[in-house]
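**Q** build me a structure from this.
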Amino acid sequence: MSGRGGWRLKTWQFTAAAAVSGLALASAAAAAAGPWDSGGQRTAESRRAALLPGTGDGDHRTEAGSPLPAGSDPVASEAAAVLAPLEAGDLAPRTGEGAREAAAGQAPAPTAAALKFALEPLLKAKGLGPGATASVVDAATGKELYGRGAKTAMVPASTVKIATGTAVLSVLGPDHRIRTTVVAEPGPGYEDGAPPERIVLVGGGDPTLTARADAAGNASLRTLARHAADILKQRGARTVRLAYDTSAYSGSTRHPIGPNENLAPVTALMADEGRLDASTSGPAPRSTRPAQDAADAFARFLAERGVKVEGAVREAAATDQAEKLADVRSAPLSALVERMLTHSDNDIAEALARQTALAAGAKADFAGAERETRRALGRLGLPLDGARFADGSGLDRADRVTARLLTSLLARAAHTDHPELRPVLTGLPVAGFSGTLAGRYTDPEAAAGTGVVRAKTGTLTGVNTLAGTVVSTDGRLLAFSFLASATTDPTTAQSTLDHLASTLAHCGC
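**A** Alright, predicted model coming up:
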């Protein structure tokens, strides 16, 4: 990872990219709690939310860190004072007296009594079922301002992805990229530069690797085949045998929920998340053998480049004697974490959990990912009592988190001591027009949160959760989490959660 000042510059670039795709996000340091209206932020975002179609276009189609064309977003440019390039050590809005007060931590924090008065009637509403829990934390201080059952471990559903993203960023950093590699296996009498007897496509665990003609910023199997074919032809190889290697991961590829359109088999080699249609997010028909399919596609791409694959393409681990021919790399972890959170991408979530395990030299299976995720979060000093990370995606009902853990994760990601965690905030869907919140906040009681609330959703049958951030009208960055189980009407439950977040955002508490 680059030096601290360099990372702050990249954080600005990520924030700028998010603004153009509908993720015009607040600067997310602990001091980034300035009243956005002093710089036009709330006005700009509300207008943009109203103008853009609710398509949920949060897909990261360029690699994070790429600068954007000047003037490409006239609405977001109204908040230029807030979204201007950030100086090292200054992640707060930089105009207006209120912004200066917030940067100094002087904006008033809500009181516990006021929050209780505003939130408890909704938390007790029938739509959330019995025993809904909540936590609201002041990101500037890390102090919990309000809690209701905040230490009770609950099924988080997809809000567990906040923990998955935090863990992998903490151990590998935002600039890490996942490699997919082609290696050459030597045959008898092999010498350097001679045609290899066999090549092996080695999966590194990148679920965003694509076989599509338009790579859309992802690592491309076609590019990898082109590079490998060029080298093979230079060595005089016009035919070659091909194998594929998925040994980076251990254990079963089957998630405990079984075959499901929300998740492909969990393997270290796949293309386009094993999707059998043209989709890039959400449920879709999935291949039952994504590694074999990726290798078969790679063989076709080699043939198109003048190198024919002889015989069947089979699974086989590369040996220690193998020589690297070519590789491609995923977008940075920062972009993968953002995409995972924006779209609640289960395939990326399970891959990132295993990257956390691989970074520790542990087995990259469900158990190893759980163990190393917990250890990574423990090193950050987070409250893990009662927590369970049975998977990285939240599809497993054995997962458990507390409302306090979720707000602690978000507050840690906002702290100036942890700029490497910032994508956990910049990837949160924006209420009313991006990711899994694109179609929500249509209820009049929740509509005030459109363009202001940023939150990760969680939904399983009978489970509805929401965790994210808001900047209060008084100018404090607040982290919140609301967890409900035994819900019977998901539409009502989601609407109530949205109303809770909107109430928090607009509470003069």
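
**Q** doesn't Ala299 make contact with Ala211?
**A** No: judged on Cβ atoms under 8 Å, Ala211 makes no contact with Ala299 at a distance of 11.3 Å. Glycine gets a C-beta too; all of them are placed from N, C-alpha and C.

**Q** taking the centroid of the protein, which residue is nearest it?
**A** Val337 (2.6 Å; Cα atoms, centre = their mean).

**Q** what pLDDT does that residue get?
**A** Listed pLDDT for Val337 reads 98.

**Q** same thing with Leu497?
**A** pLDDT recorded at Leu497 is 97.

**Q** quick one, what contacts it?
**A** Contact analysis of Leu497 by Cβ atoms under 8 Å, 6 or more residues apart in numbering lists Leu128, Asn464, Thr465, Leu466, Phe482, Ala484.

**Q** did I read that right, it in a helix?
**A** Yes: using DSSP: H, G, I helix; E, B strand; the rest coil, the assignment for Leu497 is a helix.

**Q** all strands of the protein, in order?
**A** 133-138, 143-148, 179-185, 198-202, 239-245, 308-309, 314-315, 323-329, 454-460, 463-471, 477-485 (DSSP state E).

**Q** relative to Ala353, which of those strands is closest?
**A** Each of these has some distance to Ala353 by Cβ to Cβ; the shortest is strand 454-460, at 15.6 Å.

**Q** how far out from the middle of the chain is the closest one?
**A** 12 Å (Cα atoms, centre = their mean, to the nearest Å).

**Q** how about stretch 467-485?
**A** With Cα atoms, centre = their mean, you get 19 Å for stretch 467-485.

**Q** Ala163 touches Leu409, doesn't it?
**A** Yes: taking contacts as Cβ under 8 Å, Ala163 lies within contact range of Leu409: 6.0 Å.

**Q** mind listing the shared neighbours of those two?
**A** What both Ala163 and Leu409 touch, as defined by Cβ under 8 Å, 6+ apart, is the set Leu377.

**Q** let's have the strands of the chain in CSV, adding distance to Ala229.
**A** Listed next are these as CSV, based on distance: least, Cβ to Cβ, whole Å:
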stretch, distance to Ala229
strand 133-138, 53
strand 143-148, 58
strand 179-185, 10
strand 198-202, 10
strand 239-245, 9
strand 308-309, 10
strand 314-315, 20
strand 323-329, 9
strand 454-460, 42
strand 463-471, 46
strand 477-485, 50
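
**Q** quick one: closest of those to Ser279.
**A** With Cβ to Cβ, the closest approach to Ser279 among these belongs to strand 454-460: 18.6 Å.

**Q** give me the angle between the closest one and strand 463-471.
**A** Orientation check (axes from the mean of the first three to the mean of the last three Cα atoms, to 10 degrees): strand 454-460 against strand 463-471 gives 180 degrees.

**Q** contact partners of strand 454-460?
**A** Under Cβ under 8 Å, 6+ apart, the answer for strand 454-460 is 25-26, 155-162, 341, 344, 394-395, 397, 425, 428-431, 436-437, 440, 464-470, 480, 483, 490, 494, 501.

**Q** neighbours of Ile199, just the number please.
**A** 28 (other Cβ atoms under 10 Å).

**Q** contacts only, for it.
**A** Val182, Val183, Ala184, Glu185, Ala228, Leu232, Val240, Arg241, Leu242, Ala243, Leu325.

**Q** for stretch 174-181, measure first residue to last.
**A** One end of stretch 174-181 to the other measures 21 Å (Cα to Cα, to the nearest Å).

**Q** in it, what's buried?
**A** Pro174, Asp175, His176, Arg177, Ile178, Arg179, Thr180, Thr181 (16 or more other Cβ atoms under 10 Å).

**Q** ok, now stretch 270-280?
**A** Neighbour counts over stretch 270-280 (16+ other Cβ under 10 Å) mark Met270, Ala271, Asp272, Glu273, Gly274, Arg275, Thr280 as buried.

**Q** ends of that stretch, what's the gap?
**A** Terminal-residue distance, stretch 270-280 (Cα to Cα): 14 Å.

**Q** got the contact list for that stretch?
**A** Counting by Cβ under 8 Å, 6+ apart, 59, 203, 207-212, 216, 221, 264-265, 284-287, 290-291, 293-294, 297, 345, 347-348 sit against stretch 270-280.
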